[in-house]
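Novice: would you be able to build a 3D model of this:
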Amino acid sequence: MRLRDKLRRRQFISIIEIFPPNFSADDSKEPLIGLAQKTRDLVARVKSVENLADAILVADVKDLSRLKLSSVFAAAILRRELGVEAIPVITARDLNRAALKTMYLTALSYGLDSVMLVWGDRYNGHDGVKNVYDYRSLSEAIHDARRLSERADLNANLLAPVDLSTLDSTQGLNVATSRLSSGADGLLAQPPTSDLSHTLQKHSETLLAHKLDSGVLLNIFPFRSKEDIDACRARFGWNIPKEMDMIAQQGEARLLKEGKLIVEKIREQKLSGVFVSTRGRPELARFILD
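Specialist: Residues are numbered from 1 along each chain as shown. Next comes the predicted model:
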């Protein structure tokens with residue numbers, strides 16, 4: 001059953017997020033050879049976990065230290081080689097209106113009938129890279145993509161992000177509902193649902209309070225250690241509860257088990273589902289979803 005059908009029937013959905021093939025931007029560290037091998041490696045690693053997920057999400061990571069292949073191209077390769085439902089992420093930050101429409105139509109032409117549109121974090125002024133943001137909002141981009149799907153006579157499935165930490169504010173709720181009313185079929189949540197005892201309850205209560213429990217997939221993020229948790233707090237501003245520090249003291253295996261317990265509880269509560277951020281290691285999904 002296709003992802004869009006599961007969304008509409010409100011069945012539990014699991015998505016695994018992976019990175020496209022990428023290289024170091026520093027040519028002294030890694031030569032730009034082996035493109036074919038990088039692609040083969042990606043296919044092999046996804047093949048080992050494809051049976052665990054309804055779809056594979058190909059992220060578009062903002063990391064100027066890496067050169068990456070297009071998420072649309074990588075998703076098309078996975079679809080062709082494995083027959084999986086692969087979802088490319090297209091970032092509004094990097095594309096003007098014409099380029100975003102072109103990228104979206106390219107995805108549709110590859111037979112990718114699920115696409116995620118995101119706003120994208122800003123580049124810093126000293127990065128030497130410009131922020132585009134040709135659209136006034138992500139909702140406008142979603143609206144254009146939906147119209148293009150209809151013109152192409154394709155029943156495409158559109159996904160977008162939602163910030164759970166802002167949903168209790170008028171502005172945050174308006175952003176989420178605007179993305180849905182503009183044509184998004186589902187929303188993928190951030191920040192991650194990090195622990196069973198505190199964050200899961202808070203996130204599920206927030207979604208229920210705003211009647212979004214049937215359209216939002218919660219994020220499972222495999223932390224590696226307490227140092228990793230602290231780094232994510234500093235980098236992303238995530239409010240990760242102190243309970244996670246105690247869990248981290250028991251090692252990475254225990255942190256992965258916490259993710260598995262959260263998934264089991266989400267199934268029990270009959271929430272929409274999860275997407276697992278594997279952080280460049282697709283094999284981690286087996287510890288959480290299997």
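Novice: show me what counts as buried in stretch 237-249.
Specialist: By 16 or more other C-beta atoms under 10 Å, the buried positions in stretch 237-249 come out as 238, 240, 244, 247-248. Just so you know, the C-beta spots here come from the backbone N, C-alpha and C atoms, and that holds for glycine as well.
Novice: and the furthest pair within those residues?
Specialist: Greatest spatial distance in the buried residues of stretch 237-249: Trp238 and Ile247, 15.2 Å, computed using C-beta to C-beta.
Novice: leaving out sequence neighbours, find the closest residue to Ser65.
Specialist: Leaving aside its sequence neighbours, Ser65 sits nearest to Ala25 (C-beta to C-beta, 6 or more residues apart in numbering; 5.4 Å).
Novice: touching, the one you found and Leu64? I think so.
Specialist: Yes: using C-beta atoms under 8 Å, Ala25 is in contact with Leu64, at 6.6 Å.
Novice: in the helix or strand bottoming out on mean pLDDT in the chain, what's buried?
Specialist: The helix or strand of the chain with the lowest confidence, counting by mean pLDDT, DSSP states H and E, is helix 3-8 at a mean of 79. By neighbour count on 16+ other C-beta under 10 Å, the buried set for helix 3-8 is 3-4, 6-7.
Novice: one more: stretch 249-258?
Specialist: Buried residues in stretch 249-258, counted by 16+ other C-beta under 10 Å: 255-258.
Novice: same check on stretch 257-267?
Specialist: 257-259, 262-263, 266.
Novice: burial of Ala152, as a residue count?
Specialist: Using other C-beta atoms under 10 Å, Ala152 has 13 other residues around it.
Novice: ok, it touching Ala107?
Specialist: No: contact criterion C-beta under 8 Å: Ala152 and Ala107 do not qualify, at 10.9 Å.
Novice: how about the strands in the stretch 1-150 of the chain?
Specialist: 13-18, 22-24, 55-58, 66-68, 86-91, 114-118 (DSSP state E, counting those that start in this stretch).
Novice: paired strands for the third one, with orientation please.
Specialist: To tie it back to what came earlier, the one meant is strand 55-58. Its sheet considered, strand 55-58 pairs with strand 13-18 (parallel), strand 86-91 (parallel) by DSSP bridges.
Novice: from the buried residues of helix 3-8, which two are the most distant?
Specialist: Most distant of the buried residues of helix 3-8, by C-beta to C-beta, are Arg4 and Lys6, 7.4 Å apart.
Novice: so where's the longest helix in this protein?
Specialist: Counting by DSSP state H, the longest helix found in the chain is helix 252-269.
Novice: quick one: the helix or strand following it to strand 13-18, angle?
Specialist: Per DSSP states H and E, helix 252-269 leads on to strand 273-277 as the next helix or strand towards the C-terminus. If you take axes from the mean of the first three to the mean of the last three C-alpha atoms, to 10 degrees, strand 273-277 sits at 10 degrees to strand 13-18.
Novice: remind me what the helix or strand following strand 273-277 packs against, helices and strands.
Specialist: Moving toward the C-terminus from strand 273-277, the next helix or strand (DSSP H and E) is helix 284-289. Where contact means 3 or more C-beta pairs under 8 Å, 6 or more residues apart in numbering; DSSP states H and E, helix 284-289 is packed against strand 13-18, helix 252-269, strand 273-277.
Novice: the strands in the stretch 151-290 of the chain, which residues?
Specialist: Using DSSP E, counting those that start in this stretch, the strands of the stretch 151-290 of the chain run over 157-163, 186-190, 216-220, 273-277.
Novice: packed most tightly, which of the strands paired with strand 55-58 would that be?
Specialist: Burial of those is given as mean neighbour count (mean count of other C-beta atoms under 10 Å); strand 86-91 ranks first at a mean of 25.
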